[in-house]
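[1] The amino acid sequence is not available; the structure is as follows:
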């Protein structure tokens with residue numbers, strides 16, 4: 001509650017309070033429910049089996065923070081189900097915000113194909129994915145290189161976190177699905193060769209299997225994800241592809257094109273190299289449109305859009321393809337784009353730019 005009071009009394013002129021997870025801390029989450037001074041805070045028991053909901057007014061929050069009030073009534077809700085739900089439909093895998101950053105999984109071979117592609121794309125920067133079983137059990141996986149952290153946010157057994165080397169106290173950061181940095185302890189990580197089959201086991205059984213040691217906890221930033229089942233996830237996005245080839249994964253695996261293929265050979269990928277000034281300007285204009293639609297770019301006064309796209313075309317020709325596969329190049333390119341005359345501000349990170357480059361490359 002001291003954390004909440006500190007935020008309420010902070011200098012921010014407009015505070016985000018009116019959502020059930022507007023205020024988050026490692027021990028729980030909460031928010032204002034009546035646009036006035038009534039709040040509900042949720043706390044998860046240490047075993048992950050129960051959730052306590054506390055309804056308090058702002059005056060109570062301040063009394064608790066000051067140590068004047070030490071007890072408050074709450075409602076307990078059981079998190080653990082008594083039996084597993086009946087399977088319906090197909091498991092769902094989501095790894096990004098766009099419609100084709102997802103897959104309805106029809107079998108083990110298809111799941112492993114998707115996981116291997118995601119693993120290959122997570123060599124330089126961590127990647128988060130969410131997986132629902134046909135029974136609506138849900139696990140969040142963070143993959144970076146040959147490490148994977150697995151967080152069960154919904155299952156018959158309650159919460160669970162994979163456990164690796166507990167002697168490690170360091171961590172790394174990954175962006176969650178709201179773009180918020182999430183700290184992942186190395187102590188939560190197991191080798192990918194163990195995490196990969198554990199995800200298939202999870203679809204079959206609703207737990208991570210005997211090869212993965214777990215603790216009954218998850219990071220607080222993932223608590224709300226358990227409230228989103230497949231139906232809710234599907235309602236919030238376009239229909240996911242049913243085949244790997246129709247998802248974004250093949251594009252993520254496209255190698256950097258360094259030279260034009262000889263005429264007697266067929267280009268093995270669907271996307272042709274962009275070489276002409278017209279093609280480069282068209283790509284640049286689509287890139288500006290994608291960034292604008294996501295409010296990641298602000299154009300200023302000065303050169304018109306044709307001049308801006310001409311300048312961007314040169315940058316894309318030299319570094320666009322490499323930036324899709326290299327986070328360092330993407331970060332550098334973002335800085336260069338922000339400095340282009342006529343662009344007032346670029347808010348995109350390297351990761352944002354990689355997504356925008358992939359989305360804009362094809363007409």
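    Now that the structure is in, tell me what you want to look at. Note that this is a predicted model, so its numbers are computed, not measured. Residues are numbered from 1 along each chain as shown.

[2] Return the residues in contact with residue 333.
    Shown in contact with residue 333 (Cβ atoms under 8 Å, 6 or more residues apart in numbering): 315, 319-320, 323, 350, 353. C-beta here means a position set from N, CA and C on the backbone, and glycine is covered the same way.

[3] Just the residues you listed: which are in helices?
    315, 319-320, 323, 350, 353 (DSSP state H).

[4] show me where pLDDT drops low in this protein?
    Across the chain, the ranges flagged by pLDDT under 70 are 26, 45-50, 78-84, 177-178, 252-277, 302-303, 362-363.

[5] Would you map the helices across it?
    Using DSSP H, the helices of the chain run over 2-8, 58-65, 108-120, 192-205, 230-235, 249-252, 277-293, 305-325, 327-338, 350-361.

[6] now those as JSON lines including distance to residue 15?
    Shown next, in JSON lines, are the helices of the chain (distance: least, Cβ to Cβ, whole Å):
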{"stretch": "helix 2-8", "distance to residue 15": "7"}
{"stretch": "helix 58-65", "distance to residue 15": "12"}
{"stretch": "helix 108-120", "distance to residue 15": "36"}
{"stretch": "helix 192-205", "distance to residue 15": "38"}
{"stretch": "helix 230-235", "distance to residue 15": "27"}
{"stretch": "helix 249-252", "distance to residue 15": "38"}
{"stretch": "helix 277-293", "distance to residue 15": "27"}
{"stretch": "helix 305-325", "distance to residue 15": "36"}
{"stretch": "helix 327-338", "distance to residue 15": "29"}
{"stretch": "helix 350-361", "distance to residue 15": "25"}
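
[7] how about those helices, which one is nearest residue 133?
    When the helices of the chain are compared by Cβ to Cβ, helix 192-205 sits nearest residue 133, at 4.6 Å.

[8] Now do the buried residues in that closest one.
    Of the residues in helix 192-205, 192, 194-200, 202-203 count as buried by neighbour count, 16 or more other Cβ atoms under 10 Å.

[9] how big is the angle separating it from helix 108-120?
    Orientation check (axes from the mean of the first three to the mean of the last three Cα atoms, to 10 degrees): helix 192-205 against helix 108-120 gives 140 degrees.

[10] So which elements touch helix 192-205?
    Applying 3 or more Cβ pairs under 8 Å, 6 or more residues apart in numbering; DSSP states H and E, one finds that helix 192-205 contacts helix 108-120, strand 127-132, strand 138-144, strand 147-154.

[11] Need the contact partners of that helix.
    91, 105, 108, 111-112, 115-116, 119, 131, 133-134, 137, 139, 141, 143, 145-148, 150, 152, 162, 190, 207-209, 211-212.

[12] Make a PyMOL selection of whichever of the residues you listed turn out to be buried.
    In PyMOL, this line selects whichever of these come out buried by 16+ other Cβ under 10 Å:
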select buried, resi 91+105+111+112+115+119+131+133+134+137+139+141+143+147+148+150+152+162+190+207+208+212
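
[13] State the distance from residue 27 to residue 344.
    Distance, residue 27 to residue 344, using Cβ to Cβ, to the nearest Å: 41 Å.

[14] And for the nearest residue to residue 75 once chain neighbours are set aside, the neighbour number?
    Nearest in space to residue 75, with sequence neighbours left out and distances taken as Cβ to Cβ, 6 or more residues apart in numbering, is residue 53 at 4.8 Å. Neighbourhood size, residue 53 [other Cβ atoms under 10 Å]: 15.

[15] Can you name the residues bridging to residue 53?
    With DSSP bridges applied, residue 53 shows beta-bridge pairing to residue 42, residue 75.
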